[in-house]
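Engineer: sequence and computational prediction follow.
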Amino acid sequence: MSKSPGPDRKDRIAVGALAGAFGVHGEVRLKSYCADPMAIADYGPLHTEDGTSYSQIVFTGQAPNALIARVQGIISKEQADALKGQLLYADRDRLPPLEDEEYYYSDLIGLAVQDTGGNALGTVRAVHNHGAGDLIEVIGSGKSATILLPFTRAVVPTVDLAARRIVVDPPEGLL
């Protein structure tokens, strides 16, 4: 474990989170956001927002919705519990290249959202996946309520990262 400057959103991608202690000897529950959950160990060192770096992760088992691991520098239940909820970031250049029409959630957040007629609808506030597919959370300018749109080709026909915008064709009656 070491300290370095916190992650730069452009250069690091959230690949998982520490989910608290498992047992009393410093093992942690680890949530992986990777397509292959165990690949998270290949992308190290992993970093937290406060600049802590973890260079070694050794998996010791699985629990519901989490991997069980020993993480270098975490040696007690108290340390593991204190880190619960900490996101783990990997340097972007350590991750495999994306296929066409694949995106990191963090690259979508903040993009302008417009309909197929070019009308501004707001910006992407977050991307969620609760198991049934990705949803884009859009917040309109000057509004406090958000809308959730399925992140499918039918609803989101265009993602233009260079222009920092997405085009949506929401289902009738949603807006």
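Structural biologist: Looks like it came in fine.
Engineer: biggest helix in this structure, by residue count?
Structural biologist: Looking across the chain with DSSP state H, the single longest helix is helix 77-82.
Engineer: CA atoms only: put it into CSV for me.
Structural biologist: C-alpha atoms of helix 77-82 as CSV (Å, rounded to 0.1, in the frame of the first residue of the first chain):
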residue,chain,number,x,y,z
LYS,A,77,-10.9,-6.4,10.1
GLU,A,78,-10.9,-2.8,11.3
GLN,A,79,-8.9,-1.6,8.3
ALA,A,80,-11.1,-3.5,5.9
ASP,A,81,-14.3,-2.1,7.5
ALA,A,82,-12.9,1.4,7.4
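Engineer: does residue 20 count as helix, strand or coil?
Structural biologist: Following DSSP: H, G, I helix; E, B strand; the rest coil, residue 20 is assigned to strand.
Engineer: my read: it touches residue 79, true?
Structural biologist: No. Using CB atoms under 8 Å, residue 20 is not in contact with residue 79, being 10.7 Å away. Backbone N, C-alpha and C define where each C-beta goes, glycine included.
Engineer: quick one, domains of this protein?
Structural biologist: 2-94, 105-168 (automatic domain parsing).
Engineer: among those domains, show me which one is buried the most.
Structural biologist: With neighbours defined as mean count of other CB atoms under 10 Å, the domains of the chain peak in mean count at domain 2-94, which reaches a mean of 17.
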